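**Student:** Predicted model follows, preceded by the sequence.
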Amino acid sequence: MNTKKRKTTLTIAGSDSSGGAGIQADIKTMQANGVYAMSAITALTAQNTTGVSGIFEVTPEFLGQQLDAVFTDIYPDAVKIGMVASAELVKMIAFKLKEYKAERIVVDPVMVSTSGSRLISEEAIQILKTELFPLASVLTPNIPEAEVLFGASIHSAEDMERAAQAISEEYHCAVLLKGGHQLNDANDLLYAEGKSRWFYGRRIDNPNTHGTGCTLSSAIASNLAKGYGLEEAVERAKEYISGALAAMLDLGAGSGPMDHGFDIGGKFTSQSDL
Ligand SMILES: Nc1ncnc2c1ncn2[C@@H]1O[C@H](COP(=O)(O)OP(=O)(O)OP(=O)(O)O)[C@@H](O)[C@H]1O
Ligand SMILES: Cc1ncc(CO)c(N)n1
């Protein structure tokens with residue numbers, strides 16, 4: 001009998017019925033990056049490329065049950081956290097991650113969907129800061145989220161540097177400030193262990209950007225699970241998202257999903273470089 005092992009990842013996030021963001025984007029990304037994907041769902045959303053029409057949260061107890069089921073059996077090598085709408089759910093996640101001593105935690109502080117719907121309460125943002133950020137290996141805010149955390153607006157590369165450093169120092173974790181909301185380029189800034197590094201991206205002329213944030217954070221978690229250091233994990237994730245956007249999939253009436261099936265030559269799925 002020939003059996004094999006595989007590196008494992010867990011996404012703790014909301015479901016997107018249209019499959020472009022949330023749990024579905026995370027699982028597609030993890031699969032495409034060669035790791036085994038598991039999920040603990042915080043909420044169901046009724047959502048498509050044009051907007052979010054409903055949110056149905058699970059109870060904190062049921063989220064806890066999902067986390068117990070995963071951690072006591074197939075222990076994840078890395079964890080990605082996405083949409084968590086309420087303070088009680090955030091508290092449950094923090095409690096379980098500490099109980100199970102989870103490592104390699106990527107926190108995407110999802111606040112508003114690509115289509116403009118609010119996905120988190122004000123109270124939950126406060127609890128995220130105090131309970132979950134300190135457990136993170138890296139936080140991945142976009143520019144509007146970083147403005148909320150930094151408390152000032154961000155208009156330039158220098159503003160991004162100041163904000164990433166301030167957030168990193170305040171919450172004692174690395175920060176990847178994503179530049180997808182800039183007009184002319186798609187450069188992301190990593191601030192970790194007292195130094196910053198830019199990851200330059202060519203801006204791809206594709207209006208279908210539903211789930212870019214979920215995809216990037218899941219690709220980073222996959223790479224951390226595979227054993228890459230943070231900088232290399234981000235570099236490879238940036239390459240992955242650029243490829244998924246450049247594949248120019250066009251589905252739905254609004255901002256459509258990316259293409260996770262573009263991995264020509266198995267560069268991302270390969271386990272041989274581990
Ligand atoms: N048009 C684009 N061309 C190239 N890269 C892009 C483009 N849009 C976003 N990205 C990249 O996608 C990643 C996600 O960034 P973005 O700022 O869009 O996240 P987000 O706003 O959290 O995503 P979401 O829309 O899912 O909430 C970053 O690496 C960013 O540079
Ligand atoms: C469920 C879910 N998580 C995250 C996002 C962010 O784009 C979204 N639109 N939906």
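**Tutor:** Perfect, thanks for sending it. Numbering: from 1, shown residues only. Ligands and ions are numbered 1, 2, ... in the order given.
**Student:** what's the nearest residue to the residue positioned nearest the centre of the chain if we skip its chain neighbours?
**Tutor:** Centroid-nearest residue in the chain, with C-alpha atoms, centre = their mean: Ser217, separated by 2.9 Å. With sequence-adjacent residues excluded and distances taken as C-beta to C-beta, 6 or more residues apart in numbering, Ser217 is closest to Asp108, at 4.0 Å. The C-beta positions use only the backbone N, C-alpha and C, and glycine is treated the same way.
**Student:** Could you tell me how many residues sit around that neighbour?
**Tutor:** For Asp108, the neighbour count with other C-beta atoms under 10 Å is 29.
**Student:** And the helices in the protein?
**Tutor:** In the chain, the helices defined using DSSP state H lie at 22-32, 60-71, 87-99, 122-127, 143-150, 157-171, 212-225, 230-246.
**Student:** Near ligand 2, which residues of this structure are found?
**Tutor:** Applying C-beta under 6 Å from any ligand atom, we find that the chain lies next to ligand 2 at 13-14, 16, 21-22, 45, 47, 82-83, 110, 113-114, 211, 213-214.
**Student:** so which of the residues you listed are also by ligand 1?
**Tutor:** Okay, of the residues of the chain next to ligand 2 touching ligand 1 (C-beta under 6 Å from any ligand atom), that's 21, 114, 211, 213-214.
**Student:** Please identify which two of these are farthest apart in space.
**Tutor:** Thr114 and Cys214 (9.7 Å; C-beta to C-beta).
**Student:** and the gap between Ala21 and Phe262?
**Tutor:** Using C-beta to C-beta, to the nearest Å, one gets 18 Å for the distance from Ala21 to Phe262.
**Student:** measure Ser156 to ligand 1 for me?
**Tutor:** Distance, Ser156 to ligand 1, by C-beta to the nearest ligand atom, to the nearest Å: 16 Å.
**Student:** That residue: neighbouring residues, count only.
**Tutor:** 9.
**Student:** and it, what does it touch?
**Tutor:** Neighbouring residues of Ser156 by C-beta atoms under 8 Å, 6 or more residues apart in numbering: there are none.
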